[in-house]
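**Student:** Fold the following and give me the result.
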Amino acid sequence: MNLLNPLDASFVRMESKRTPMHVAGLMIFQLPDDAPPDYLSELFAYMRSRPVINPPYNWRLKPGRRARLMPQWEEAREIDIDYHLRHSALPHPGGERELGVLISRLHSIPMDMTKPLWECHLIEGLENRRFAVYQKAHHSAVDGFSAIKMMNNWLSDDPHEATDAGPWSLPQPARKTSVPKNVNANDMVKNALTISGKNLQGSLKLVKKMREMARTADNPHGGLPNLLDIPRTIFNGRITKHRRVATQWIEMERARAISKAAGTTVNDVCLAVLGGALRRYLDEQGALPDKTLYASVPIGLPHLNDKPGNRVVGFVCPMGTHLSNPAERLSYINATTSDTKAKMASLPNEALNQYSVIGIGPMMLGQMTGLSQKLPPMFNVTVSNVIAAKKPLYFRGSQMEAIYPVSLLFDGHTLNVTIVGYADRILFGIVGCRDTIPNLQRIAVYVRDALDDLQSAVEAPKPRRKTASVRKKKTAAKA
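**Tutor:** Below is the predicted model:
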């Protein structure tokens, strides 16, 4: 029996037609120079021929009433590859807009919860001899960090390597979600008591740390925010089933130059750039609040004493949207993130696990009861940041030009931005509710403008332009 942990199970329980709990990745590839006319049809045939042997691609949710109360995985005996693997083509001219329309539509469609919870779409017809791969999976089975790990196991930094069809055909160890089979009753009791003791210790440390953070809430450079200080914005409405997706990228070298000049981190620069874009967007909509917006920021923490365990947790960070000066906004964000991350890093694994569940609890309650509009927002936008790869990656000779994460939305939180570092770029995947956030693609366009403003404000030198190995387009994808 493979029981889902409480956090993963919550994504199953929150699944609905309006709030599908899947995440995705949009990868853009450049065809090899010597690619024949039938390159993509042959590639799709190869992808279709490979077996599905790698968890979680060969898992499905166990059916039955009891399993709905306590969701659990079981191995799928038969997998219809023609259902999970799709081949599509963009209409002419195959630009960013046509791709954005298709991805927005695909991301709006809920998954069939009776089947293995993944899809892969090979998309041809993208201009300038490119194609795309859109991979979609339920968040109960895959998170952003594990998805990046699987992508790196699948793709190669060698353009001549014949990589496999996809992550579903790569054998690798599954996540530990069940009790080992050869465990006697005494061992199970001992393990349960040990885990309970660690959880109790973690709870006490978590309560103590949260009290410390609450006492510093009035300090703009640290502490838990007062919920009454978090403004309700157009990003905190009730969502519909329709999604809109937009993308943008900035140069890694420019972000590093800014962080060096300002004495901050690249992550802080990304938050400040996004804060500037959101400030401009909300101001144009006549909806810019006097108070700063807050972002829920999942972070990966270092392992303590090299011990294994889940070290991913989130905190709420002000984005400085109340500040018109970009340099002041960056300094404001840096002070908060440095203080909060240091406090969270001191917590043990058990406390971090509980903190993650505590964070998702109110959102799950609000979504399942319909009370999200009556409760004060916990934050305004979700902003995740992960590293994909430092070198260019290849799929059977085709260079991956970009990867854009496409995340999920909750009732009361209708905007999600995931930022990825890949090769010499920082890429923004933006997803929002189509019916409540008008002209979402403007946020993507304003990201690059906000970078220019921030660079000028901190007087960071602009790096000299380099001849790129891939085409660099400055327009955002439009849906």
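
**Student:** Listing request: residues of the stretch 1-150 of the chain with sub-threshold pLDDT.
**Tutor:** 1 (pLDDT under 70).

**Student:** can you map out the helices along it?
**Tutor:** Ranges of helices within the stretch 1-150 of the chain are 6-13, 39-49, 65-69, 81-84, 96-108, 144-154, based on DSSP state H, counting those that start in this stretch.

**Student:** just how off-centre is the second one within its chain?
**Tutor:** Which is helix 39-49. 28 Å (Cα atoms, centre = their mean, to the nearest Å).

**Student:** List the buried residues for that helix?
**Tutor:** For helix 39-49, burial by neighbour count (16 or more other Cβ atoms under 10 Å) applies to 39-40, 43-44, 47. Where you see a C-beta, it was placed from the backbone N, CA and C, and this is true even at glycine.

**Student:** What distance do you get for the nearest residue to residue 400 once chain neighbours are set aside to residue 144?
**Tutor:** Excluding its sequence neighbours, the residue lying closest to residue 400 (Cβ to Cβ, 6 or more residues apart in numbering) is residue 393, at 4.7 Å. To residue 144, residue 393 is 17 Å away according to Cβ to Cβ, to the nearest Å.

**Student:** hang on, the earlier thing: mind putting the helices of the stretch 1-150 of the chain in JSON lines, distance to residue 367 included?
**Tutor:** JSON lines is the format used below for the helices of the stretch 1-150 of the chain (distance: least, Cβ to Cβ, whole Å):
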{"stretch": "helix 6-13", "distance to residue 367": "9"}
{"stretch": "helix 39-49", "distance to residue 367": "35"}
{"stretch": "helix 65-69", "distance to residue 367": "17"}
{"stretch": "helix 81-84", "distance to residue 367": "27"}
{"stretch": "helix 96-108", "distance to residue 367": "17"}
{"stretch": "helix 144-154", "distance to residue 367": "20"}
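
**Student:** Among those helices, which comes closest to residue 245?
**Tutor:** Closest approach to residue 245 among the helices of the stretch 1-150 of the chain (Cβ to Cβ): helix 96-108, 4.7 Å.

**Student:** Which neighbouring elements make contact with that closest one?
**Tutor:** strand 22-30, strand 118-126, strand 130-138, strand 243-251 (3 or more Cβ pairs under 8 Å, 6 or more residues apart in numbering; DSSP states H and E).

**Student:** rerun that using 6 Å as the cut-off
**Tutor:** Contacts defined by 3 or more Cβ pairs under 6 Å, 6 or more residues apart in numbering; DSSP states H and E place helix 96-108 against strand 243-251.

**Student:** Which strands border the strand it packs on, and is each parallel or antiparallel?
**Tutor:** Sheet pairing for strand 243-251, assigned by DSSP bridges, gives strand 425-433 (antiparallel).

**Student:** contacting residues around the partner strand?
**Tutor:** Outside strand 425-433, the residues within contact range by Cβ atoms under 6 Å, 6 or more residues apart in numbering are 239, 243-250, 252, 255, 402, 404-407, 414-420, 440, 443-444, 447.

**Student:** Go ahead and measure how far it is from the middle of the chain.
**Tutor:** So, by Cα atoms, centre = their mean, the centroid of strand 425-433 is 9 Å from its chain's centroid.

**Student:** who touches the helix or strand just after that strand?
**Tutor:** Counting by DSSP states H and E, the next helix or strand C-terminal to strand 425-433 is helix 441-458. Identification of contacts with helix 441-458 by Cβ under 6 Å, 6+ apart yields 246, 248, 250, 258, 261-262, 272-273, 276-277, 280-281, 326-327, 428, 430, 476, 478.

**Student:** Out of the residues you listed, list just those in strands.
**Tutor:** 246, 248, 250, 428, 430 (DSSP state E).

**Student:** so can I have a markdown table of these showing pLDDT, neighbour count and distance to residue 113?
**Tutor:** Formatted as a markdown table, these follow (pLDDT from 0 to 100; neighbours: other Cβ atoms under 10 Å; distance: Cβ to Cβ, whole Å):
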| residue | pLDDT | neighbour count | distance to residue 113 |
| --- | --- | --- | --- |
| 246 | 98 | 28 | 28 |
| 248 | 98 | 27 | 32 |
| 250 | 98 | 21 | 37 |
| 428 | 99 | 25 | 30 |
| 430 | 99 | 30 | 26 |
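
**Student:** Nearest to residue 69, out of the residues you listed: which one, please.
**Tutor:** For the ones in strands among the contacts of helix 441-458, the nearest to residue 69 is residue 430 (35.6 Å; Cβ to Cβ).

**Student:** how far away is that closest one from residue 48?
**Tutor:** Computed as Cβ to Cβ, the residue 430 to residue 48 distance reads 31 Å.

**Student:** Also residue 137?
**Tutor:** In terms of Cβ to Cβ, residue 137 sits 18 Å off from residue 48.

**Student:** picking that back up, can you tell me which of the buried residues of helix 39-49 lies closest to residue 98?
**Tutor:** residue 40 (16.5 Å).

**Student:** dump the residue contacts of the closest one.
**Tutor:** 124, 131.

**Student:** please redo it, this time with the cut-off set to 7 Å
**Tutor:** Neighbouring residues of residue 40 by Cβ atoms under 7 Å, 6 or more residues apart in numbering: 122, 124, 131.

**Student:** How about the nearest residue to the last one once chain neighbours are set aside: which residues does it bridge to?
**Tutor:** For residue 131, the nearest residue in space outside its immediate sequence neighbours is residue 124; the separation is 4.9 Å by Cβ to Cβ, 6+ apart. Residue 124 has the following beta-bridge partners by DSSP bridges: residue 89.
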